[in-house]
Structure formats: C-alpha cells, structure tokens
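**Q** I'll drop the sequence and a predicted model, then ask my questions.
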Amino acid sequence: MCIRDSIEVARMRADAREALDRIDGVTRMTAELFYAYDDGANLTGIALGLAEGGVAVLDGANNRVLLHVTDDAFRELTAEEPTTITFNGQSVGTEVVGPIVDLLWLPGRAAETRDSVTMLDRTGVLFSHYTNLGDTRSIRLGNSSAWLDPVAMATYLDRLYVLDRGAGQIWKYFADQNYVQTEDDPAIFFSAQAGLDGAVDFDLYSEDGSLVVLYADGRVRYYDTRSGRVQWDENTLQQSGLTTPLVAPVAVKMVGRGLNASIFILDPGSSRLVQLSRGGTVLTQYRVLDQAGDEVLSQASDFAVTDAPQRVFVVAGNAIYAAER
C-alpha cells in the first residue's frame, strides 16, 4: 500500500469513528503525558490538591504514595521529581504501613485544620500526610479488626466511610471524634440487600450525603442515605441515553455542587468516561486518546476531575495523563 492509500485509509477510519461518536453521543478528549514512571510502577489511585495544586498517586505495584508539586491550576509541575510520602513497611508513630487500598486529599476540619493526603491500608490504619510541613501521622480506625475486604473510602462532612466488600458494609467513622465508630450507627443503612460484595467503588455527594455505588458487573445504584432506598440504577441510565451498558467499570466520583454537580464513571471495559447528572441522566460520554491516537482509558485504573475549568487526570499503567477537550 502506498503512502497516499495509507493516508486515505486513516482518514476514512477517522471519519467512521467520528460518525459513531455522534451516534453514541461521545466526545473525544486529547491527553498529554503528565508524568511517566519506570516500567515497574503500576498506578492504581490518584487525588488532586484542594487549594494550592498538587497531584498524589498510589503506586500499587510498589505499595507507595508519591506527591507531585504543581501550580494551583495543575498545569505545570513545579518540581522535576515526585516525593515519596508513604511507602511499604514505613513506621509512622506506632503503626506500620501495610497494603494501601485507597487515598483521598482531605480538607482541614475542626479537629485538624490542615489539608492532608490521607491513605488507608488493609489493616485499618489511616495515614495522613500534611503537605504544609511534610509530617505524617497515623490512626487505627475503630472496629477495623472486623474488616474482611476493604477496597475504597470516601468522605462527607466530618465523616469517613470505608467500603468493605467482604462484610457487605460501608462503615462509618466520625473524624471530629478521632475517627470513632458509634455502636448505634456503625454503617450506612440500606433498606434492602445492597449486594456490596460485588462493589468496586462509591462516593457521596457533598451537599446531602446521597450515595452512588458502582459494581464490577456494570451495575450502578444511587441511594438516598436518609431512607436507604435506591433512587435510580443502571436501567435508568439505559433509558436516558446510555446506549452501550457499562462493561467493567472501576471508579466513580462526584464532582461539583448544585446545578454543576456531576457523577463520573470510569469504564475501561468500553474505554469510556461517562458523565451523569445526579438524577441519572447521561450528559456526556468521553473517549480519551493520546498524541498517537491510542485509547488511554482502556488501561486506566483511576481518575480525577478538576471542576472549573474541567480537565481529567487519568492513571494508566506507569503513567499520569491530563486530558481536555
């Protein structure tokens, strides 16, 4: 095949992809490589700073968390190399870092006024790294000895929640009371069997504590946590524009407040990032391509979204990507 024919075939394929995108309501985003680690790394989590920039990532292959210093718009790295802030076997106070399952960038609160990169390990210890002074502290969560398979955490107001698939619970802890768990309110209440043994991620809306739960088989449940009842599910999404069901989703985030609030679901199985309204309406479906035109989301394990302007950070393999329209 001559060069002219190759160019024509590439153009025809691009036209076909654009036509399919229009039919499916897909928006394509271009990703730039933000940072690449050595081949031995496998990034499984990401969290963005709250006020002054910064990108924290979890390297699951080496059980460590690294911090990239950036400008407050997350566009420029202001230090060439990241700093390792937590690592396997590290002694922090009376605790030792075990297998880390998730990380969050938590805002200061009444009991602790400083923002922190907070990490949870499988043994039930919370490690908080305070970026202003570079110190790290640890605290063991109450009742964590009863955990069976913790996989994710989220926060709402001064509460921390842990998804324990093995126990079929989302445990509740009160940060302003040194992360205690009350006997009469230890976990989120569900009015019917929630099937959390198949859940992979969850998040809570910052204004009313409503809850979205994501399942490995493509199910989605949005709960009113006051009643414990399902407000909508994946069938609602199919009726509101999700023509292709979720295949193998791995992460869900709630971003924004009020009319600007959205739910984002990362589905590597279909190479999509789906944006929903809190009411269960499909707003946009994103595909993310790198500079060579290859899919990024098919290998992605986690993501983070900046609210205004909207940019998407994705971790896939040993790399961090930043994407926008």
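**A** Received the coordinates, thanks.
**Q** Okay, now the unreliable bits of the stretch 51-200 of the chain?
**A** 110-111 (pLDDT under 70).
**Q** what are the ranges of the strands in it?
**A** Taking DSSP state E, counting those that start in this stretch to define them, one finds strands in the stretch 51-200 of the chain at 55-59, 64-68, 83-87, 91-92, 95-96, 100-106, 116-121, 125-130, 135-140, 150-156, 159-164, 169-174, 199-204.
**Q** Now tabulate these in JSON lines and tack on distance to residue 184 and mean neighbour count.
**A** Using the backbone N, CA and C atoms, a C-beta is placed for each residue, glycine as well. Output for the strands of the stretch 51-200 of the chain, formatted as JSON lines (distance: least, CB to CB, whole Å; neighbours: other CB atoms under 10 Å):
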{"stretch": "strand 55-59", "distance to residue 184": "34", "mean neighbour count": "25"}
{"stretch": "strand 64-68", "distance to residue 184": "34", "mean neighbour count": "22"}
{"stretch": "strand 83-87", "distance to residue 184": "34", "mean neighbour count": "17"}
{"stretch": "strand 91-92", "distance to residue 184": "31", "mean neighbour count": "13"}
{"stretch": "strand 95-96", "distance to residue 184": "28", "mean neighbour count": "16"}
{"stretch": "strand 100-106", "distance to residue 184": "25", "mean neighbour count": "21"}
{"stretch": "strand 116-121", "distance to residue 184": "24", "mean neighbour count": "24"}
{"stretch": "strand 125-130", "distance to residue 184": "23", "mean neighbour count": "22"}
{"stretch": "strand 135-140", "distance to residue 184": "21", "mean neighbour count": "16"}
{"stretch": "strand 150-156", "distance to residue 184": "19", "mean neighbour count": "21"}
{"stretch": "strand 159-164", "distance to residue 184": "15", "mean neighbour count": "22"}
{"stretch": "strand 169-174", "distance to residue 184": "11", "mean neighbour count": "21"}
{"stretch": "strand 199-204", "distance to residue 184": "20", "mean neighbour count": "22"}
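**Q** Residue 269 belongs to a helix?
**A** Yes. Checked against DSSP: H, G, I helix; E, B strand; the rest coil, residue 269 lies within a helix.
**Q** Can you give me the neighbour number for it?
**A** Residues lying near residue 269 (other CB atoms under 10 Å) number 16.
**Q** going forward can the numbers begin at 32, since that is how I track them
**A** Will do, 32 is the new start, and the previous item becomes residue 300.
**Q** before we move on, the earlier item: nearest approach to residue 329 belongs to which of the strands of the stretch 82-231 of the chain?
**A** For residue 329, the closest of these is strand 230-235, at 16.8 Å, according to CB to CB.
**Q** and the helix or strand following the closest one, which residues are buried?
**A** Note on strand 230-235: by DSSP states H and E, the next helix or strand toward the C-terminus is strand 242-246. Using 16 or more other CB atoms under 10 Å as the burial criterion, the residues of strand 242-246 that qualify are 242-246.
**Q** same thing with stretch 266-279?
**A** 267-268, 273, 277.
**Q** how far does it stretch from start to finish?
**A** Taking CA to CA, to the nearest Å, stretch 266-279 runs 16 Å from one end to the other.
**Q** Show me how far it is from its chain's centre.
**A** 20 Å (CA atoms, centre = their mean, to the nearest Å).
**Q** Ok, stretch 288-306 next?
**A** Its chain's average C-alpha position is 10 Å from that of stretch 288-306, according to CA atoms, centre = their mean.
**Q** Any figure for the gap between residue 157 and residue 184?
**A** Note on residue 157: its distance to residue 184, by CB to CB, to the nearest Å, is 9 Å.
**Q** Quick check: neighbours shared by these two?
**A** Shared contacts of residue 157 and residue 184, defined by CB atoms under 8 Å, 6 or more residues apart in numbering, are found at 151, 191.
**Q** quick one on the thing from earlier: pick the one among the buried residues of stretch 266-279 closest to residue 307.
**A** residue 268 (7.0 Å).
**Q** and the closest one, what does it touch?
**A** Neighbours of residue 268 in contact, by CB under 8 Å, 6+ apart: 251, 307, 311, 313.
**Q** What about those, which are in helices?
**A** The members of these all map outside helices under DSSP state H.
**Q** Looking at those, state which has the most neighbours.
**A** Using other CB under 10 Å as the neighbour test, those are led by residue 307, with 26 neighbours.
**Q** Who are the contact partners of that residue?
**A** 268, 293-296, 313-314.
**Q** let's see 7 Å
**A** 268, 293-294, 313-314 (CB atoms under 7 Å, 6 or more residues apart in numbering).
**Q** and these, which of them are in strands?
**A** 293-294, 313-314 (DSSP state E).
**Q** Give the buried subset of these as a PyMOL selection command.
**A** The buried residues among those can be selected in PyMOL (16+ other CB under 10 Å) with this line:
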select buried, resi 293+294+313
